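[1] I'll drop the sequence and a predicted model, then ask my questions.
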Amino acid sequence: MPHTHPQPIARLRALRSVELRTPAFTESADFYAEVWGLEPVERDTDTTWLRGTGEEHHVLQLTRGEHNGLGRIAFAVATPAEVDEAARRLLARSIVPVAGPGPLDQAGGGYGLRFTDPEGRLIELSAQTHAVTPRGRDAAVPVGVTHTVLNTTDIDAAVAFYTSVLGLRVSDWSEHQMAFLRCNADHHCIAFNQAEWTSLNHVAYEMSDVDHFMRGLGRLRHHGISPQWGPGRHGPGNNTFSYFTDPAGLVCEYTSEVAQIVEDAWIAKVWRRTPDLSDLWGTAGPPSPAIRSHMAGIPDPGPLAGAAPRPFAGATPGPLAEATAGPLAGAAPGPLADNTADTTEEVTA
């Protein structure tokens, strides 16, 4: 009998938001609101939620923590029924949600679930979160979060999990050092970087166009803040870039004009890592040892390291009590999978 691979757990529509844990909570909240260009929508003693100019209730959640780290990555799905189906498919892979499915007891509301990936990162899928009115895009401030780059100790296993379980598609590789994955037409919403330990590399914020991107750099310069790498334009993704650090040393990026993928026509390729294609404009120069150190971060076992799964506050039992667990999905593909062209170009990221 032929072996059939399990389906991905859901169709992810977009990267919704990112949560960061920071010991410099007050300073970071002030930075992202007063300098970076996000707008606080809710706050309490240890948490602040901030929005961009788009429709998401919030794109960044800052949470007070003892050390720098990634709190969670939140993806949008279409309906609560898709969240429930995602929970069933997780259980079929012997992956038990740490919370939900059920109503999200958090700022922005919604219906969702959370689970951890093999390296301890907390993943949230949600639907029907609170809508907010777009702010308009005249100001040179971020629309929202467009991608996050994650340091991993096993890039093949990470890519296998996020493609097999979450249904992301590989857009490109940068040799066997980086992999760029998408959930919609944007070239990447997640990228993995092979590293010595698991940690957050950086979070990128979308500017409306290259003019807003450059005006945003000018606004930061008025605050006395210069890029630690950039401005430039990357090869993979063709997006503009300028990298900065927040008060806790976490790396944040302004970016614009990311490549748009035509799903049936795109063929992934492997880029070589050379300086001239790290920055197609030739304006940025190589990343400094300081920004590389910030991108490496510190080892991060995840926000739930050592914690037991718990349900959402107020959530009612879902229809999963009779679900039967099955085997975990299989092999990790390398950088030259079936959808990867036998062409190489050169890049350094």
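    Here it is on my side, so go on.

[2] For the residue nearest to residue 8 when sequence neighbours are not counted, grab the count of nearby residues.
    Of all residues not flanking residue 8 in the chain, residue 167 sits nearest, at 3.0 Å (C-beta to C-beta, 6 or more residues apart in numbering). C-beta: built from backbone N, CA, C; applies to glycine. Using other C-beta atoms under 10 Å, residue 167 has 15 neighbouring residues.

[3] Would you mind stating the distance between residue 167 and residue 197?
    Here residue 167 is placed at a distance of 27 Å from residue 197 (C-beta to C-beta, to the nearest Å).

[4] mind listing what the residue nearest to residue 8 touches?
    8-12, 183 (C-beta atoms under 8 Å, 6 or more residues apart in numbering).

[5] what about 7 Å?
    Residue 167 sits next to 8, 10-12 when contact means C-beta atoms under 7 Å, 6 or more residues apart in numbering.

[6] From the residues you listed, list the buried ones, please.
    For those, a burial check counting by 16 or more other C-beta atoms under 10 Å picks out 8, 10, 12.

[7] List the contacts of the first one.
    Shown in contact with residue 8 (C-beta under 7 Å, 6+ apart): 164-167.

[8] in a strand, that's where it is, yeah?
    No. Counting by DSSP: H, G, I helix; E, B strand; the rest coil, residue 8 falls outside a strand, being coil.

[9] Torsion angles phi and psi at it?
    phi -60, psi 160 (degrees, to the nearest 10).

[10] where does it sit relative to residue 61, distance-wise?
    According to C-beta to C-beta, residue 8 stands 25 Å off from residue 61.

[11] Checking the most centrally placed residue in the chain next. Helix, strand or coil?
    Residue closest to the mean C-alpha point of the chain, counted by C-alpha atoms, centre = their mean, is residue 148 at 3.4 Å. Counting by three-state DSSP, the backbone at residue 148 sits in strand.

[12] To what extent is the residue lying closest to it once chain neighbours are set aside buried, counted in neighbours?
    Residue nearest to residue 148 in three dimensions, not counting chain neighbours: residue 203, with 4.9 Å by C-beta to C-beta, 6+ apart. Using other C-beta under 10 Å, residue 203 has 22 neighbouring residues.

[13] these two touch, right, residue 203 and residue 252?
    Yes. Contact criterion C-beta atoms under 7 Å: residue 203 and residue 252 qualify, at 5.7 Å.

[14] re earlier: I'd like the contacts of residue 167 written out as CSV, with distance to residue 155 and pLDDT added.
    What follows is the contacts of residue 167, written out as CSV (distance: C-beta to C-beta, whole Å; pLDDT from 0 to 100):
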residue, distance to residue 155, pLDDT
8, 19, 98
10, 23, 98
11, 24, 98
12, 20, 98
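
[15] Thanks a lot, see you next time.
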